[in-house]
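> here is my input; please provide its structure:
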Amino acid sequence: MKSFNFIRKTFVFRDIPSSGVMCLLSIIKYHKGYKDPAYLLSASKTTNGITLLSDLAKAAETIGLSTKTGSSTIDNLKKFPNPVILHVRNDWGEYDFVVCYGFNRNFFLVGVPSWGLMEFREDEMDVLWESRLILYIEPTNLFKRKFLF
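Residues are numbered from 1 along each chain as shown. Coordinates of the predicted model:
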């Protein structure tokens with residue numbers, strides 16, 4: 001996992017009317033890229049702030065990112081080398097998306113678009129991520145990098 005400072009600079013929150021698109025843009029920035037949020041909203045077919053995980057994957061692929069969707073486990077989540085988008089249930093019982101940046105010591109570092117960067121213990125993550133759905137994203141050679149900082 002990269003440094004907290006680096007992750008803090010790449011995490012996007014409260015800027016876009018879709019948590020899924022904010023998560024995707026955060027991962028794009030993590031890989032030193034940039035894409036206009038309006039393009040991502042359109043490419044992901046976001047309507048009234050609602051985005052499907054499969055549409056996020058398709059939007060990511062249009063800009064040179066490789067994606068894999070599926071289900072996983074807490075133990076596997078600890079091993080992913082890059083940040084992933086998780087389908088979660090928030091405190092209000094609504095489904096949402098977050099970015100899991102990795103596991104360090106006893107905590108998962110998670111970007112929650114409506115709150116910011118947070119740490120969750122394994123037992124908390126187990127409750128938050130009940131669906132076990134995941135979107136793994138990594139850059140291909142078609143991904144355009146821009147050095148923003």
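> show me the strands in this structure, by range?
65-71, 84-89, 95-104, 107-112, 116-121, 133-139 (DSSP state E).
> how about the ones you listed in JSON lines, adding mean pLDDT, distance to residue 4 and mean neighbour count?
C-beta here means a position set from N, CA and C on the backbone, and glycine is covered the same way. Output for the strands of the chain, formatted as JSON lines (pLDDT from 0 to 100; distance: least, CB to CB, whole Å; neighbours: other CB atoms under 10 Å):
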{"stretch": "strand 65-71", "mean pLDDT": "97", "distance to residue 4": "23", "mean neighbour count": "14"}
{"stretch": "strand 84-89", "mean pLDDT": "97", "distance to residue 4": "18", "mean neighbour count": "22"}
{"stretch": "strand 95-104", "mean pLDDT": "96", "distance to residue 4": "9", "mean neighbour count": "21"}
{"stretch": "strand 107-112", "mean pLDDT": "97", "distance to residue 4": "7", "mean neighbour count": "22"}
{"stretch": "strand 116-121", "mean pLDDT": "96", "distance to residue 4": "8", "mean neighbour count": "14"}
{"stretch": "strand 133-139", "mean pLDDT": "97", "distance to residue 4": "20", "mean neighbour count": "20"}
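> so which of these is nearest residue 57?
Taking CB to CB, strand 65-71 is the member of the strands of the chain nearest to residue 57, at 4.1 Å.
> which residues sit against the closest one?
27-28, 31, 53-54, 57, 60-61, 131-140, 143 (CB atoms under 8 Å, 6 or more residues apart in numbering).
> quick one: it to strand 84-89, angle?
Following axes from the mean of the first three to the mean of the last three CA atoms, to 10 degrees, one obtains 40 degrees for the angle between strand 65-71 and strand 84-89.
> columns distance to residue 8 on top of the strands of the chain, output as a markdown table?
Listed next are the strands of the chain as a markdown table, based on distance: least, CB to CB, whole Å:
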| stretch | distance to residue 8 |
| --- | --- |
| strand 65-71 | 22 |
| strand 84-89 | 18 |
| strand 95-104 | 10 |
| strand 107-112 | 9 |
| strand 116-121 | 6 |
| strand 133-139 | 19 |
